[in-house]
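Asker: Only the shape, not the letters, is given here:
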């Protein structure tokens with residue numbers, strides 16, 4: 001912890017790279033969690049495909065709207081808040097996340113790069129234009145919902161996430177890689193290191209000379225890439241790291 005705090009406090013450019021683990025601590029289900037209700041009859045990965053949406057848009061849209069409802073009911077945890085604190089103390093920093101929730105934004109992070117899209121940025125499946133986030137009644141678990149229609153072309157609106165078999169957003173990926181090449185510290189938090197091409201981001205940072213600090217309760221393939229491994233949860237380790245790096249900065 002002392003070594004990580006020293007490196008972090010001296011950094012000029014910091015990348016914070018987060019995965020599902022940090023949001024799971026707020027109660028956001030991961031793809032590894034068992035589904036319930038109507039969804040328990042399905043494999044989550046089978047619902048997260050373009051073909052699933054084409055075959056049964058009401059089923060897929062209902063599931064994603066239920067996921068968005070779950071996220072709206074939870075709150076950022078001390079890990080998200082510590083990430084925002086790191087940004088505030090190192091202005092030349094950026095958050096890159098694999099998560100599709102908005103917990104970083106609600107914790108105070110400015111414009112995180114969403115490698116896998118966001119549940120809060122739906123778009124038309126036909127013309128790809130952005131669509132409003134649906135309001136009104138929140139769907140209950142297990143409810144099928146017809147997707148809204150695009151106000152420009154009347155095509156079906158789809159979740160603004162990257163599905164299996166789809167490429168990551170090109171501009172966001174290019175920006176993330178550039179940030180990784182330019183940083184001198186990269187914090188990788190709550191990610192398994194198994195989902196590609198996102199898992200390459202910490203490796204790129206290490207290859208270009210950055211110190212990689214990993215925060216994760218369990219060993220991951222990134223253990224060998226990280227110069228410093230802090231074993232524990234984000235909500236526990238990150239606040240302690242911020243306090244150790246900037247002991248006189250206040251809350």
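Answerer: Yes, it's here. From a predicted model like this one, the values you see are computed outputs, not experimental measurements.

Asker: first vs last residue of stretch 147-163, how far apart are they?
Answerer: Using CA to CA, to the nearest Å, one end of stretch 147-163 lies 17 Å from the other.

Asker: Run through the helices of the stretch 51-200 of the chain in chain order.
Answerer: With DSSP state H, counting those that start in this stretch as the criterion, the stretch 51-200 of the chain has helices at 57-73, 78-89, 103-107, 170-182, 200-207.

Asker: Ok, which of these comes nearest residue 117?
Answerer: Distances from residue 117 to each of the helices of the stretch 51-200 of the chain were compared using CB to CB; the minimum, 8.8 Å, belongs to helix 170-182. C-beta: built from backbone N, CA, C; applies to glycine.

Asker: Quick one, which of the helices of the stretch 51-200 of the chain gets closest to residue 13.
Answerer: Sorting the helices of the stretch 51-200 of the chain by CB to CB, the top spot, which is the nearest, belongs to helix 170-182 at 5.8 Å.

Asker: okay, now residue 237: neighbour count?
Answerer: Residues contacting residue 237 under the criterion other CB atoms under 10 Å number 22.

Asker: pretty sure it belongs to a helix, no?
Answerer: Yes. The secondary structure assignment for residue 237 places it in a helix, going by DSSP: H, G, I helix; E, B strand; the rest coil.

Asker: List the residues that contact residue 186.
Answerer: With contacts defined as CB atoms under 8 Å, 6 or more residues apart in numbering, residue 186 is in contact with 14-17, 180, 201-202, 205-206, 210-213.

Asker: of all the residues you listed, which two lie farthest apart?
Answerer: The distance between the two most remote of the contacts of residue 186 (CB to CB) is 15.3 Å, for 16 and 206.

Asker: The two: which has the busier surroundings?
Answerer: For residue 16 versus residue 206, the count of surrounding residues by other CB under 10 Å is larger for residue 16: 28 against 19.

Asker: how much space between the nearest residue to residue 117 once chain neighbours are set aside and residue 97?
Answerer: Here the nearest residue to residue 117 in space, its sequence neighbours aside, is residue 161; by CB to CB, 6 or more residues apart in numbering that works out to 3.9 Å. In this view, residue 161 and residue 97 are 12 Å apart by CB to CB, to the nearest Å.

Asker: Looking at these two, which one has more neighbours?
Answerer: Comparing residue 161 with residue 97 by other CB under 10 Å, the one with more neighbours is residue 97, at 29 against 18.

Asker: tell me the contacts of that one?
Answerer: Going by CB under 8 Å, 6+ apart, residue 97 touches 17, 18, 19, 104, 112, 113, 114, 115.

Asker: let's see 10 Å
Answerer: With contacts taken as CB atoms under 10 Å, 6 or more residues apart in numbering, residue 97 has the following neighbours: 16-20, 22-23, 83, 103-105, 109, 112-116, 118, 176, 189-191, 198.

Asker: Excluding sequence neighbours, find me the nearest residue to residue 88.
Answerer: Closest to residue 88 by CB to CB, 6+ apart is residue 108, at 7.7 Å.

Asker: same question but for residue 240, I mixed them up
Answerer: In space, residue 240 comes closest to residue 1 once its chain neighbours are excluded; the distance is 6.6 Å by CB to CB, 6+ apart.

Asker: Isn't that neighbour up against residue 238?
Answerer: No. Assessed by CB atoms under 10 Å, residue 1 is found out of contact with residue 238, at 11.0 Å.

Asker: For residue 238, the count of nearby residues, please.
Answerer: Each residue near residue 238 was counted by other CB under 10 Å, and the total is 27.

Asker: Quick check: residue 214 vs residue 54, distance?
Answerer: For residue 214, the distance to residue 54 under the criterion CB to CB works out to 38 Å.

Asker: of these two, who's got more company?
Answerer: Regarding residue 214 and residue 54, a neighbour count based on other CB under 10 Å identifies residue 214 as having more, with 25 against 12.
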